[in-house]
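Engineer: just the structure for this:
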Amino acid sequence: MSKKLLTATALTALALAGSNAFVTPAYAQEAGVSARISKLEQEIALLKRQQEVDQEKSASAAEKNANVEFGKKGLKITSPDKKYELSLKGYYQLDSRQFLNDNKSTGRDEIISRRLRPILEGRAGDASFRLMPDFAGNSSSPRVFDAHVDYKLDDAVQFRLGKFKPPVGLERLQSATDIDFIERGHANNLAPNRDLGFMIYGNAIPDLLEYQIGVFNGGPDLGNTDNDADDKKDLVARIFATPFHNSDIVPLQGFGAGIAGTIGDREGSATNTILGTYKTPGQQDFFKYRSDTYASGEQWRLYPQAYWYNGSFGAIGEYAISNQDVRRGAVRDTLQHDAWNVALSYVLTGEDASFKGGVKPAEDVSFETGGIGAWEVVARAGATDVDNKTFAVFADPNAAASKAQSYGVGLNWYVNENFKLATDYDFTSFDGGATGGRDRPNEQALFSRAQFRF
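Structural biologist: Okay, the predicted model is just below:
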């Protein structure tokens, strides 16, 4: 009840009290008292109505105001009817790279901005969009990594078009903020990075089976394409199951397995080869085709993949095959390369490991409360094996290695949900790749990262 209403009520009580105190029953002017009471009742009624009008105005104003949230997951603005939404988030990764016993200087010791990516997302009813450029490159202008529009009919049938990750490599589908190691493993060499296309996707069986199928421009292994290099297209498909998600077998609820693949044709040339270059976990090129070798004919990829998360333990692995028709001059052949990696993780402080979202510390680092954040140890093995038929016609054995095999360990410290420090050590050995058919020197990469995301 408002102050005005309380005041009016008090005046009424006083008037009634006054009439009883000063007017005796014999001499009271009942008509006058009744009039005064009636007038006060009218004033009270008017005050009540004014209060109702004020409340209605406040409610109407609240309905027109958007809901604004700002916190550890960024800035989000939502319309009063919940139909429209706009969010701003992003992440920054600053890396230190050192190469130990690097007498040949194949790797550069440096501090680099690895990624600086603001993310703008929006929703209008069942339609949504995502825009993610990267400002951390060496170019004078940012490069767009994600720019796509989605439409949701229901959970089982959704559409996406634009530039985004083709649904192929499992580790590639993880955000760069969530991967176990600072850099992705060997199987990533054979998967496309980003491409332009159209995709249908959804949960065929909620919490149990998801699918993606799409048509893309098609690009080289490890490629990030902004346009089509030829007139051909790739068909990409993936299916992934989490069969125990709703079961009573708790240790298996976090198990998932699936398979992905691509198929399409390439029409490259000596000036536009549409062929990939393969990297070590230390981000050094260890395999390149000869400059006048180019894709000419069919390419298909196959990616069996799985993960398993149980409490603080996590495991993720995939095997990759890339089958490619190539040409150099009048010589043609079909080459089949393969790669694999398996990574294990364990959160020492007891928090859950997960495929998406990273580790969420039970307590943030704090001198006042004694919180130490979350600590995670990781280990990984993997390799990329180039078809022996590639040498020496399509690639130079004195400059390109036929195989790279790596082993790595790392430590991740989640200071809070937004800030993470990581250190990795990767050892990579090679078959070939040096002058005279000798093996390229081993690579020992010591990487560190400070990551902030919101």
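
Engineer: where does the stretch 101-250 of the chain have low pLDDT?
Structural biologist: Along the stretch 101-250 of the chain, segments meeting pLDDT under 70 span 104-105, 138-140.

Engineer: burial measure for T177, as a count.
Structural biologist: 16 (other CB atoms under 10 Å). Where you see a C-beta, it was placed from the backbone N, CA and C, and this is true even at glycine.

Engineer: for Q305, same thing?
Structural biologist: Count around Q305 with other CB under 10 Å applied: 22.

Engineer: check what pLDDT it gets.
Structural biologist: On the pLDDT scale, Q305 is placed at 98.

Engineer: K48 too?
Structural biologist: For K48, pLDDT reads 83.

Engineer: same thing with the one 10 residues further on?
Structural biologist: On the pLDDT scale, S58 is placed at 65.

Engineer: what's the biggest helix in the chain, counting residues?
Structural biologist: helix 30-64 (DSSP state H).

Engineer: quick one: list the elements packing against the next helix or strand after that helix.
Structural biologist: Later in the chain than helix 30-64, the nearest helix or strand by DSSP states H and E is strand 67-71. Helices and strands touching strand 67-71, by 3 or more CB pairs under 8 Å, 6 or more residues apart in numbering; DSSP states H and E, are strand 74-78.

Engineer: got the CA coordinates for the following helix or strand past the strand it packs on in PDB?
Structural biologist: Next along the chain after strand 74-78, taking DSSP H and E as the criterion, comes strand 84-99. What follows is strand 84-99, C-alpha atoms only, in PDB (Å, rounded to 0.1, in the frame of the first residue of the first chain):
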ATOM      1  CA  TYR A  84      15.000 -12.100 -30.100                       C
ATOM      2  CA  GLU A  85      18.500 -12.400 -28.700                       C
ATOM      3  CA  LEU A  86      21.900 -10.900 -29.300                       C
ATOM      4  CA  SER A  87      25.100 -12.000 -27.600                       C
ATOM      5  CA  LEU A  88      28.700 -10.900 -27.700                       C
ATOM      6  CA  LYS A  89      31.500 -13.100 -26.500                       C
ATOM      7  CA  GLY A  90      35.000 -14.200 -27.600                       C
ATOM      8  CA  TYR A  91      38.500 -15.300 -26.700                       C
ATOM      9  CA  TYR A  92      42.100 -14.400 -26.800                       C
ATOM     10  CA  GLN A  93      45.100 -16.800 -26.800                       C
ATOM     11  CA  LEU A  94      48.700 -15.600 -26.300                       C
ATOM     12  CA  ASP A  95      51.300 -18.300 -26.900                       C
ATOM     13  CA  SER A  96      54.900 -18.800 -26.200                       C
ATOM     14  CA  ARG A  97      56.800 -21.300 -28.500                       C
ATOM     15  CA  GLN A  98      60.200 -22.700 -27.900                       C
ATOM     16  CA  PHE A  99      62.000 -25.500 -29.800                       C
END
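
Engineer: what's in contact with the following helix or strand past strand 84-99?
Structural biologist: As assigned by DSSP H and E, the chain's next helix or strand after strand 84-99 is strand 110-124. Contacts to strand 110-124, defined as CB atoms under 8 Å, 6 or more residues apart in numbering, come from residues 74, 83-97, 128-136, 145-146, 176, 449.

Engineer: next, the angle from strand 110-124 to strand 84-99.
Structural biologist: On the basis of axes from the mean of the first three to the mean of the last three CA atoms, to 10 degrees, strand 110-124 is oriented at 170 degrees to strand 84-99.
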